[in-house]
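1. Would you be able to build a 3D model of this:
(one chain, ligands or ions: 4)
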Amino acid sequence: LFIQSELRGAIAEKQLSLVYQPIVDCRGLVVCVEALLRWNHPQMGNIPPSTFIPLAEGSGLIEELGEWVLLEACAFINTLQETGVLLDAVAINVSARQFNQGEFAEDLLKVLHRLGIKPNAIELELTEYALLTNLDVVKQAMDKLRQAGISIAIDDFGTGYSSLSYLQSLPLSRLKLDASFVSKIDVNESSNAIVKAIIDMAHGLNLNVVAEGVETQTQYEFLLQHGCDSFQGYLFSRPLKQADIVNYIESVA
Ligand code: G
Ligand code: G
Ligand code: NA
Ligand code: MN
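-> Ligands and ions are numbered 1, 2, ... in the order given. A predicted model of the protein is given here:
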């Protein structure tokens, strides 16, 4: 409860920030960056999103928080364009509760229009939890976003509770292979099998695959050899502040 009331002030008090982690292709070029929210509390220090996002979802603050993330990411997209940095997209995490509230797609498209941001500059990362409600409603919202040009990725793929049938009906662009599989590459045969199967299945469905949590050269080479499209993890870079991510993108270009 304390954290919830503190979170209310965090936006006004400028305690929130976004950091950006690069997603690279097989040549090491940055194709996308994922925006990750950080909260630096004056007394408690850094509070991880895994702690405060669920609290924000439970208290109705998630809409306000999501709006702040969107505006901040849009400002960054404008900075990238002014700097002449070309990316496929900036990826934004959207919580299940946020996505499933009334007019998410319409509201998002309105904000982008108001700010002059092209929808194809944005990718949304949703976990399978966002798909657990009425799939027709989810599909309607996704179709609207997709038609406007926004890409949609399934985050933490392979760890959720939903069936795979949604992969056939929803207009998705990418699967983000969960870090728990990547971290066990060459540790156990079953993880290798799962990683290979997910990549093959995704390609059969015309979906891209991003591997998350790539930390070692061994993992990277296995993923590369099995056709994974792009890569994210500490092997390439930690999430970085705005100025540092711009430097990183330019240094590998
Ligand atoms: O950066 P870190 O590993 O601490 O992120 C932990 C979790 O918090 C991830 O699952 C990520 O998807 C989530 N997260 C990070 N930033 C945001 C955000 O802006 N909005 C939402 N809804 N979740 C976020
Ligand atoms: O759930 P989501 O995938 O959105 O969250 C990504 C989280 O994983 C971020 O909090 C980010 O800081 C973290 N992360 C990114 N790369 C690595 C990595 O190589 N290893 C580990 N352990 N965590 C990572
Ligand atoms: Na994510
Ligand atoms: Mn993830």
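
2. For Phe2, the count of nearby residues, please.
-> 7 (other C-beta atoms under 10 Å). The C-beta positions use only the backbone N, C-alpha and C, and glycine is treated the same way.

3. Up against ligand 1, what does the protein have?
-> When proximity is defined by C-beta under 6 Å from any ligand atom, the chain lies next to ligand 1 at 36-37, 48-50, 53, 69, 93-95, 155.

4. can we see that at 8 Å?
-> Counting by C-beta under 8 Å from any ligand atom, the chain comes close to ligand 1 at 18-19, 21, 35-38, 48-50, 53, 56-57, 62, 65-66, 69, 92-95, 98, 125, 127, 155-156, 239.

5. buried subset of those residues?
-> Buried members of those, scored by 16 or more other C-beta atoms under 10 Å, are 18-19, 21, 35-37, 53, 56-57, 62, 65-66, 69, 92-95, 98, 125, 127, 155-156, 239.

6. Those residues in strands, which ones?
-> The strands, defined by DSSP state E, take in 18-19, 21, 35-37, 92-93, 125, 155-156 from these.

7. Strands of this protein, start to end?
-> Secondary structure of the chain (DSSP E): strands located at 16-24, 30-41, 45-47, 89-93, 122-126, 151-157, 174-177, 208-211, 230-231.

8. Between those strands, which one is closest to Ser190.
-> Distance to Ser190, taken as C-beta to C-beta, is lowest for strand 174-177 among the strands of the chain, at 14.6 Å.

9. Does that closest one reach ligand 3?
-> No: Strand 174-177 lies out of reach of ligand 3 by C-beta under 5 Å from the ion, never closer than 6.6 Å.

10. Around ligand 4, pick out the residues from this protein.
-> Contacts of the chain with ligand 4, taken as C-beta under 5 Å from the ion, map to 155-156, 212.

11. out of the residues you listed, which touch ligand 2?
-> Cross-checking these against ligand 2 (C-beta under 8 Å from any ligand atom) gives 155-156, 212 as the overlapping residues.
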